[in-house]
Structure formats: C-alpha cells, structure tokens
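Novice: turn this into a structure:
(one chain, ligands or ions: 1)
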Amino acid sequence: MAGELILIVEDNLRNLKLARDLLQIHGFRTVEATSAVDAVSAAETHLPHLILLDIQLPDGDGISVLARLRGDPMTARIPVVALTAFAMSGDRERFIEAGFSSYISKPIAVMTFAATVQQLCDDTSVREPA
Ligand code: MN
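Specialist: Predicted structure coming up:
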C-alpha cells in the first residue's frame, strides 16, 4: 500500500530530488531534511513511516543521527535505512550492526528504488529491530 510518509535525509540536492521524485511518482508522501539537526527535528515533527538517512551530512554523520533517533521514545521504533555511497564490501554489515534497519546504496537504482522502499515499509520485521 503506497501513501506512506517517508523522511528523506540527503544533503546532495540532486540525489534528494531524485529520491523525492521517484517516491512521489509511486504514491509515497515525502518530507525532507538536508542536515543532521534537521533530520532529528523532522523525524520528531512528522513521525514518518520510514527514514532514508544519508550517512555523510554537513553537520554530522548518519550514525550519530540514528543514535539520537533511537534514544528518543517518539522516534525509537521508526525504521531507518542507510542511504550511502559507500560501496565497500562489509559496509552493509557495519550499518546493520550500527542499528540501521537496512541499507540502500547510491547512486539510487532508478528502476527499483521505490519498490525497495515499499518492501521495507511492508516488512514488519524492520519496524521492530531486536
Ligand atoms: Mn551526503
């Protein structure tokens, strides 16, 4: 079921626009943040169904944002998906270990991105991390 609210956190405006456009075309609602500080406040304000979180932000890294989200009872259970250009083997495990629900690598795969996000929204297991 589309229509879920997705918070996109991405400081690269081209990547942000691409993610927004792909999600909106497929019926998602979106809100956006371009910094670590704004990411936390946007999550608290909008309580999105899922957060796509860039790892490299101008005022901090995504892992510290994730820690702040997990530390706040209001946002602790929102699935957070790492959105990162890091492509080295082992990074996926590193992000999952850090507490991310999943991992999407950049550049975004235009043909499959929205379906991947939908799958993550539908997967109840990612909503309740152990
Ligand atoms: Mn970035």
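
Novice: near the ion, which residues of this protein show up?
Specialist: For the chain, the contact set with the ion under Cβ under 5 Å from the ion comprises 11, 54, 56. Every residue, glycine included, has its C-beta placed from N, CA and C.

Novice: which of the residues you listed has the most neighbours?
Specialist: Highest neighbour count within those: residue 54, with 26 neighbours (other Cβ atoms under 10 Å).

Novice: run through the bridge partners of that one.
Specialist: Beta bridges link residue 54 to residue 83 when assigned by DSSP bridges.

Novice: any idea how far it lies from residue 2?
Specialist: Using Cβ to Cβ, to the nearest Å, one gets 23 Å for the distance from residue 54 to residue 2.

Novice: could you do residue 78 as well?
Specialist: 18 Å.

Novice: can you give me the buried ones in the strand or helix carrying residue 66?
Specialist: Assigned by DSSP states H and E, residue 66 belongs to helix 62-70. Going by neighbour count (16 or more other Cβ atoms under 10 Å), the buried part of helix 62-70 is 62, 65, 66, 68, 69, 70.

Novice: where does this structure dip in pLDDT?
Specialist: Along the chain, segments meeting pLDDT under 70 span 1, 86-89, 124-130.

Novice: sorry, back to before: could you dump the helix holding residue 66 to PDB, C-alpha only?
Specialist: Extracted C-alpha coordinates of helix 62-70, given in PDB (Å, rounded to 0.1, in the frame of the first residue of the first chain):
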ATOM      1  CA  GLY A  62      24.100   9.400   9.800                       C
ATOM      2  CA  ILE A  63      25.200   7.000  12.600                       C
ATOM      3  CA  SER A  64      25.100   9.800  15.200                       C
ATOM      4  CA  VAL A  65      21.600  10.800  13.800                       C
ATOM      5  CA  LEU A  66      20.500   7.200  14.200                       C
ATOM      6  CA  ALA A  67      21.700   7.200  17.800                       C
ATOM      7  CA  ARG A  68      19.700  10.300  18.500                       C
ATOM      8  CA  LEU A  69      16.600   8.900  16.900                       C
ATOM      9  CA  ARG A  70      16.900   5.600  18.800                       C
END
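
Novice: which helices and strands does the longest helix belonging to the chain pack with?
Specialist: Counting residues, the longest helix found in the chain (DSSP state H) is helix 13-25. Packing partners of helix 13-25 (3 or more Cβ pairs under 8 Å, 6 or more residues apart in numbering; DSSP states H and E): strand 5-9, strand 29-33, helix 113-122.
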